[in-house]
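Chemist: Let me see the structure of the following:
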Amino acid sequence: MSAAKEILRTEDLSIGYAKTGGAPLYESLDLSLDSGSLTCLMGTNGTGKSTLIKTLTGLIPEMSGKIAYNGDESLFRNPARRAKVFSVVLTNQSFSGLLRVWELVALGRHPYTKWTGRYSKEDHEKVEWAISAVRLELLKDRMIHTLSDGEKQRVSIARALAQETPLIYMDEPTAFLDLMHKIELMHILRKLVKECNFTLLISTHDLQLALQYSDELWLMNRVSGVKKGLPEDLLLDGSIAEVFGNEELGFDSESGHFKGKTELKHRVSLEGDSVGVKWTKHALEKIGVGVAESEVEPSVLVSKIDAGRFEWSIGDRKCDTLEALNRILSGMFDEK
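Modeler: Numbering: from 1, shown residues only. Below is the predicted model of the structure:
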């Protein structure tokens, strides 16, 4: 495996809104992005994720410090050059509803068209490739105003891909998508990053997607600054729990999920099929029943009958749903 090439670096960067006379949101940021990498930017609401992305893209000026692409700081002062180096996908972008999907995606080719604005054969091929990459083939002749918010977001991503830049910034690209399409899009983006060797920085609130698909995670916290590293390292060292946890939420490092802190009033022993045990524990905790580390009574055995069918045994009593199990246990604990 060859070493990744660093394409973006910040040195002693301070970000914020100088025009309002406010203090910097962050100071002394030393960040970098490598070619062929997908980095997720995370933090709670109001921590400055969008501000950082807008600063890195030149939409707002840095308060101090340096931003360099391939060691070149002058790039960020030249909009025409920037358009061939990075593209941006922001949330809540407004587009003319009078455009077709193909026409809007084709706007990504503007930095490469001559003064006539005509699209070459290569431009057409790039637009078709971008539309296909995010699975928009069936929508390419639709008018923008007829699309859902999620479909418009995918069109914005296709336009950024058509721009064919080595660096792409996306602010909440999965914000308007349902669960299935969120996972599908992140899978597509990671695959494209590796196949096409471009660099992607994504701002997201979805921890599960970040853990699953990012090469590096940037955690933003107004107190501790920006901490970066492999997502698994930041999970194991407690950084993720520190940023997102609170008195009501606990972080389960085994599952990578945050859970509301529930008082567990009763305990049971639980054994059997591993998948069945996992989801039985999940269901029991919601009714205040925890799983004991040592053997206690009552004892629950989970058996897998066949695909999609399980059976739970408590002594000589059996049931075939977790709902029924909950009723049995609730009755047993009420009797005590």
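Chemist: what about His187, which SS state?
Modeler: Classification of His187 using DSSP: H, G, I helix; E, B strand; the rest coil returns helix.
Chemist: what residues are up against Met119?
Modeler: One thing to correct before we go on: residue 119 is Tyr, not Met. Applying Cβ atoms under 8 Å, 6 or more residues apart in numbering to Tyr119 gives the contacts Ala106, Arg109, Thr113, Val127. For glycine as for every other residue, the C-beta is placed from the backbone atoms N, C-alpha and C.
Chemist: could you redo the last one with a cut-off of 6 Å?
Modeler: Neighbour list for Tyr119: empty [criterion: Cβ atoms under 6 Å, 6 or more residues apart in numbering].
Chemist: Now the phi/psi pair for it, please.
Modeler: Tyr119 adopts backbone torsions of phi -90, psi 130, taken as degrees, to the nearest 10.
Chemist: Local confidence estimate at it?
Modeler: Tyr119 is assigned a predicted lDDT (pLDDT) of 90.
Chemist: ok, it to Trp129 distance?
Modeler: Tyr119 sits 13 Å away from Trp129, going by Cβ to Cβ, to the nearest Å.
Chemist: Next: Ala23.
Modeler: Distance from Ala23 to Trp129, by Cβ to Cβ: 45 Å.
Chemist: so what secondary structure elements neighbour the longest strand along the chain?
Modeler: Scanning the chain for the longest strand, with DSSP state E as the assignment, gives strand 6-15. Secondary-structure packing of strand 6-15 (3 or more Cβ pairs under 6 Å, 6 or more residues apart in numbering; DSSP states H and E): strand 26-29, strand 32-34, helix 49-56, strand 64-69.
Chemist: That one pairs with which strands, parallel or anti?
Modeler: strand 26-29 (antiparallel), strand 32-34 (antiparallel), strand 64-69 (antiparallel) (DSSP bridges).
Chemist: Compare those and give me the one nearest Asn45.
Modeler: The closest of the strands paired with strand 6-15 to Asn45 is strand 26-29. By Cβ to Cβ, the value is 15.9 Å.
Chemist: Can you tell me which of the strands paired with strand 6-15 is nearest to Ser239?
Modeler: strand 26-29 (16.4 Å).
Chemist: starting at the chain centroid, how far to that closest one?
Modeler: 23 Å (Cα atoms, centre = their mean, to the nearest Å).
Chemist: What residues sit buried inside that strand?
Modeler: By neighbour count on 16 or more other Cβ atoms under 10 Å, the buried set for strand 26-29 is Tyr26, Leu29.
Chemist: Now tell me what touches it from outside.
Modeler: With contacts defined as Cβ under 6 Å, 6+ apart, strand 26-29 is touched by Thr10, Asp12, Leu13, Ser14, Ile15, Val226.
Chemist: any chance of those residues in a markdown table, plus pLDDT?
Modeler: Below are the contacts of strand 26-29 laid out as a markdown table (pLDDT from 0 to 100):
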| residue | pLDDT |
| --- | --- |
| Thr10 | 95 |
| Asp12 | 95 |
| Leu13 | 95 |
| Ser14 | 94 |
| Ile15 | 93 |
| Val226 | 93 |
